[in-house]
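S.K.: dropping the sequence and predicted coords here.
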Amino acid sequence: MIRAKKAFGVSPIKAPPPPLRTKSALGPRARAWPGAAREGGPVDVFVRDHVRDSLGVSWGFSREVEEGGFLFGEVHRDADAPSRWLVVVTEVIRAEHTEEAPDALVFSPESFASMRRHAEAKRDGASILGWFHTHLVAGPEDRGLSVVDRDLHFSTFRRPWQVAALVCVDPARDPEGREVSFFARQGDFLVPCAVEVLA
């Protein structure tokens, strides 16, 4: 049997790697991120001051159900350690068409379609850096990602630099006491990221 050679083929085009950049080239620091500084994870997160204000204080989040959305911005490789990623969160948007409950948030296909339309309309080269959601917390044991959160991140946000932000909301005190943490993939785990606020 003689096999015919393919006349043509279609292969995926690999995206170019993110550019190298030093941390100092990202811009001046505005203020410290609340909470303990974390080092050593694969991703360092830099958040614009207005994004920090939105997630940390000014956005009114529900005190009854979890809410969430998506993170946009820039991704770079650390020029001083090229295996590390530097992500700069320049914008957050609330997800549309979600199913919300006191202990769960489900993004629908339309949630992701709406996010894509937003990214395409901007045309500023911003990357989809990941996602955020709230947890309604009653104590310190509730301040981490759940197994469901981890599964969502690993199945949907597959790039090594994509992050998950967790906004812990105490219904009795919000926005006072609100805590925001970022997590990134490291092997089979999601580990806390170092976070800094940019002006």
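M.R.: Yep, it's here. Because the structure is predicted, anything quoted here is derived from the model rather than measured.

S.K.: residue 69 and residue 128: what is the separation?
M.R.: 11 Å (Cβ to Cβ, to the nearest Å). Placement of C-beta: from N, CA and C, glycine included.

S.K.: let me redo that: residue 10
M.R.: Residue 10 sits 24 Å away from residue 128, taking Cβ to Cβ as the criterion.

S.K.: which one of the two has more residues nearby?
M.R.: Ranked by neighbour count (other Cβ atoms under 10 Å), residue 10 and residue 128 place residue 128 first, with 18 against 5.

S.K.: which phi and psi does residue 71 have?
M.R.: Backbone torsions for residue 71, taken as degrees, to the nearest 10, come to phi -110, psi 140.

S.K.: so which strand or helix has the nearest residue to it once chain neighbours are set aside?
M.R.: Spatial nearest neighbour of residue 71, chain neighbours left out: residue 129 (4.2 Å); criterion: Cβ to Cβ, 6 or more residues apart in numbering. Secondary structure assignment for residue 129, by DSSP states H and E: strand 127-136.

S.K.: helix or strand right after that strand?
M.R.: Using DSSP H and E, the helix or strand that directly follows strand 127-136 along the chain is helix 147-156.

S.K.: ok so, going back, OK, contacts around the residue nearest to residue 71?
M.R.: 71, 72, 73, 75, 87, 89, 161, 162, 163 (Cβ atoms under 8 Å, 6 or more residues apart in numbering).

S.K.: at 6 Å what do you get?
M.R.: Taking Cβ atoms under 6 Å, 6 or more residues apart in numbering as the contact definition, residue 129 lies against 71, 73, 87, 89.

S.K.: if anything else comes up later, I'll come back, but that's it for now.
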